[in-house]
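Student: Provided below are the primary sequence and the corresponding predicted coordinates.
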Amino acid sequence: MDLTKNIDIMQDFQYAINIGFDLYSDDKIKNYIPTPSAIEIIEDVMLSTSNTTNDRAKIFVGAYGKGKSHLALIIASLLFRKDPGLFSNLLSVICQNSQNSKGESDLCAYTKNYIESSKKMLPVIIQGSSMGIRQALMSGLYVALKNANLDYVMPDTYFQSAVTTILKKKKNYTDT
């Protein structure tokens, strides 16, 4: 029996996920199949979006190749893109996972409500580099704001603040 006749590999299949590059990859999102442990992490993150919680920082660890980056991509997309069509497979698995008296899980209902709400989070992707954490955060924030057409709200960097102060001093205190 030749099983290769029954198995197809997606044309754009990649072994690695790059969250910054793949954030707008519909195929990577649509084809995600969550494991039970991934659903627990998604539930923890989704519940942390409630206005009443302060517990928003999350760290998850796992062995190489376990799908941490793909899960992070899914969570970032879920919180930011909010397109029900993108998450139909994910919602199907989540909603089948456990059910309440209405026939759907609390996570299922909460996730559907979040997607339909006006609430939206901005993912700030930090790329590894030789720069310090502050610079990496500012760079990631700039890219995220620019991609969302919100770059006009970018806070000044130390450099920009220094230049603004110098120009102000030159203009207002010419004798000094």
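Tutor: Cool, got the structure. Numbering: from 1, shown residues only.

Student: Around the closest residue in space to residue 76 that isn't next to it in sequence, how many other residues sit close by?
Tutor: Nearest non-adjacent residue to residue 76, counting by Cβ to Cβ, 6 or more residues apart in numbering: residue 123, 4.0 Å away. Every residue, glycine included, has its C-beta placed from N, CA and C. Look at residue 123: counted by other Cβ atoms under 10 Å, it has 19 neighbours.

Student: got the contact list for residue 123?
Tutor: 19, 23, 76, 79-80, 144 (Cβ atoms under 8 Å, 6 or more residues apart in numbering).

Student: Can you turn the buried part of those into a PyMOL selection?
Tutor: Per 16 or more other Cβ atoms under 10 Å, the buried members of the contacts of residue 123 correspond to this PyMOL selection:
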select buried, resi 19+23+76+79+80+144
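
Student: May I see the contacts of residue 123 organised as a markdown table, with distance to residue 36 and pLDDT added?
Tutor: As requested, the contacts of residue 123 are exported to a markdown table (distance: Cβ to Cβ, whole Å; pLDDT from 0 to 100):
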| residue | distance to residue 36 | pLDDT |
| --- | --- | --- |
| 19 | 23 | 85 |
| 23 | 25 | 85 |
| 76 | 21 | 92 |
| 79 | 21 | 91 |
| 80 | 24 | 90 |
| 144 | 31 | 91 |
